[in-house]
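Asker: Okay, predicted coordinates and the sequence, questions at the end:
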Amino acid sequence: MPMTKKNTAKPKEAKPAAGPAKKGPAPINLVRGMKDILPADQPYWDMMRRKADELSKAYGFERIDTPVLEETALFVRGVGKLTDIVEKEMYAFDTVGGEHVCLRPEDTAPIVRSYIQHGMLNLPQPVKLWYLAPMFRHDRPQHGRYRQFWQYGCEILGDSAAVVDAQLIFLAYLFLKELGIESTVQINSIGTPESRANYKNALVSFFRSRRNKLSEEDKKRLLKNPLRVLDSKDPAVMEMKAEAPQIVDWLDEDSKAHFMRVLEFLDEMKVPYELNPYLVRGLDYYTRTVFELYANSGDQDLAQSAVCGGGRYDGLSEVLGGRPTPAAGFAMGLDRIFSLLKEQNVAVAPETADVFVAQLGDQGRKRALAVFEELRKAGIPAGEAFSKDSIKAQMELANKLKVKIVVIIGQKEVLDGTAVIRDMDSGTQEIVDVRKIVHEINKKLGQVQAH
RNA sequence: GUGGCUAUGGUGAAGUGGUUAUCACAACGGGUUGUGGUCCCGUUUUCAUGGGUUCGAAUCCCAUUAGCCACCCCA
């Protein structure tokens, strides 16, 4: 559906006698970066929603929904003022009441905000929460990257144990696996803010001495967020990286021990992972464990093959004005998983009715309405087209819906107190007592299933 | 935000300067008013938008918009 007409303010009325009246106002299009999830794709989304619900519950998480709109300050402080998300990707605006608000770009900060505001520290710790909701970032759209995108995430607040990190990673891995997507975990530890600061200094002085080899982009990064230089795809930097100081060597003893324990648990749970000393995350709140999950299937070269990101964020609660609260979590990009599911042609069971209620004539229609309702109450979902008069059109529709049997009620049947039951595969029909319709249909469905 | 590629009915395509723009699928209607899947007939809907070059533009040029790819960043 192309058609674009944003700047349509042009006066085009100049020629009134141009011919037959045509074209009303220009069609309204989707806002850039937005996406409709159409009925044909819903089965995939249902699969993901159901799996998220099932696994989260099984692992002791409780659902939470936070508002789409939050105070802008929440993310400026939580995610980090200098991160790209906050600096240039937020849908931020002032309300008529003068509040500074924005569409949430992620859900971890809001959840911590909620944890603090509702005194969840008085609940038995840890508090385990999950969400499945749309997020908003004003990025340049691409396949698998939209301005409104859906995330499934889990957060564990109030627990600093290494096993928590591992369990979250395992859960993310399991979610993908059970949807039929094999993935690999990339993992690293970025220590505490203090140990990281030391490492940053070492890194900066390392690259400073080789400053002339850096691109303009990387020079800027070196000033703003030195860790990100490690992410650079510049071949020159990739080479230098090998000699650059590694963060593992700068970790404090506690962080190192924590990291080792996380890895041990992952080994125990047989989660395939790769240590990636260059993995740093773009959000300021992370401490210690950071990880990303990549789908093995799909196009490996695609920049959007990262489907999940997460880590530990022990300092976030304090930054947001709460008590020190260790925590960790992950966020899963459902739009990307959806594309993978679709590419892999994962079988999704379309939800179709087995029965169709067809009617003929006004009397027939009235009786059919009652029969339809009777079936519904009996737990038999049925298709219908009560607005259509032609039996032919109704049969065509029944055929397209791939129902197994059609109940036909016309004038004659109303007078006789009967109904016609047609087996759509064999084309055979039988006349039954309309008062026993539910029983007859159940019997018939039982026979059909037996084949 | 930067660069590259692309843009033909609802969908997938053909058409690279010359008359009424082609095909398939889909949708809707019909094949004498009580029966689907096959078949036959018909109908609706297009050259993304704006401008330019030309006797003539879907076709060439420019701008805009959008999609995709890479970067940036991230899920």
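Answerer: Noted; the coordinates are in hand. Numbering: from 1, shown residues only, chains lettered A, B, ... in the order given.

Asker: of all the residues in the stretch 351-451 of chain A, which ones are close to RNA strand B?
Answerer: For the stretch 351-451 of chain A, the residues in contact with RNA strand B (CB under 7 Å from any atom of the strand) are A:360, A:390-393, A:395-396, A:398-400, A:406, A:408, A:410-413, A:420, A:422, A:424-425, A:427, A:429. No exception for glycine: its C-beta is placed from N, CA and C like everyone else's.

Asker: quick one: which of those residues sit in strands?
Answerer: When DSSP state E defines the strands, the subset of these inside them is A:406, A:408, A:420, A:422, A:429.

Asker: Going through the residues you listed, which ones are buried?
Answerer: By neighbour count, with 16 or more other CB atoms under 10 Å, these hold A:406, A:408, A:420, A:422 as buried.

Asker: Farthest-apart pair in those, please.
Answerer: Maximum pairwise distance in these, criterion CB to CB, is 8.2 Å, between A:406 and A:420.

Asker: What are the boundaries of the strands in the stretch 51-200 of chain A?
Answerer: Ranges of strands in the stretch 51-200 of chain A, per DSSP state E, counting those that start in this stretch, are A:62-63, A:69-71, A:91-94, A:100-103, A:127-136, A:148-157, A:183-189.

Asker: Any buried residues in stretch A:65-79, and which?
Answerer: Per 16+ other CB under 10 Å, stretch A:65-79 contains these buried residues: A:66, A:68-70, A:72, A:74-79.

Asker: would you turn those into TSV with pLDDT and distance to RNA strand B?
Answerer: Shown next, in TSV, are the buried residues of stretch A:65-79 (pLDDT from 0 to 100; distance: CB to the nearest atom of the strand, whole Å):
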residue	pLDDT	distance to RNA strand B
A:66	97	16
A:68	96	16
A:69	96	19
A:70	96	16
A:72	95	17
A:74	96	16
A:75	95	12
A:76	93	15
A:77	92	16
A:78	91	12
A:79	90	9
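
Asker: Which members of those residues are the farthest-apart pair?
Answerer: Farthest pair in those, by CB to CB: A:68 and A:77, 19.0 Å.

Asker: For stretch A:424-433, buried residues please.
Answerer: Counting neighbours by 16+ other CB under 10 Å, one finds that the buried residues in stretch A:424-433 are A:424, A:432.

Asker: rewinding a little: list just the nearest of the buried ones among the ones in strands among the residues of the stretch 351-451 of chain A next to RNA strand B to residue A:285.
Answerer: Closest to residue A:285, out of all of these and judged by CB to CB, is residue A:406, at 58.8 Å.

Asker: wait, what's in contact with the closest one?
Answerer: A:355-358, A:395, A:398, A:421-422, A:424 (CB atoms under 8 Å, 6 or more residues apart in numbering).

Asker: Considering those, which possesses the most neighbours?
Answerer: Neighbour tally across the contacts of residue A:406 (other CB atoms under 10 Å): the maximum, 28 neighbours, falls on residue A:357.

Asker: wait, is it part of a helix?
Answerer: No: read with DSSP: H, G, I helix; E, B strand; the rest coil, residue A:357 is strand and lies in no helix.

Asker: can you give me the helices in the stretch 201-350 of chain A?
Answerer: Counting by DSSP state H, counting those that start in this stretch, the stretch 201-350 of chain A has helices at residues A:216-224, A:235-241, A:253-268, A:316-319, A:334-343.

Asker: interface residues of the stretch 101-250 of chain A facing RNA strand B?
Answerer: Going by CB under 7 Å from any atom of the strand, the residues of the stretch 101-250 of chain A near RNA strand B are A:106, A:137, A:139-146, A:149, A:151, A:217, A:221, A:228, A:231-234.

Asker: which of the residues you listed are buried?
Answerer: So, by 16+ other CB under 10 Å, the buried ones in those are A:106, A:137, A:139, A:144-146, A:149, A:151, A:221, A:228, A:231-232.

Asker: mind checking pLDDT for residue A:19?
Answerer: pLDDT recorded at residue A:19 is 34.

Asker: Residue A:131 and RNA strand B, how far apart?
Answerer: 13 Å (CB to the nearest atom of the strand, to the nearest Å).

Asker: same question, residue A:240
Answerer: Remark: distance between residue A:240 and RNA strand B (CB to the nearest atom of the strand) = 15 Å.

Asker: Surely that residue and residue A:207 touch.
Answerer: Yes: when contacts are counted by CB atoms under 8 Å, residue A:240 is listed as touching residue A:207 (7.4 Å).

Asker: Those two: which has the busier surroundings?
Answerer: Neighbour count, other CB under 10 Å: between residue A:240 and residue A:207, residue A:207 has more, with 22 against 18.

Asker: Surely that one touches residue A:227?
Answerer: No: counting by CB under 8 Å, residue A:207 stays clear of residue A:227, with 11.1 Å between them.
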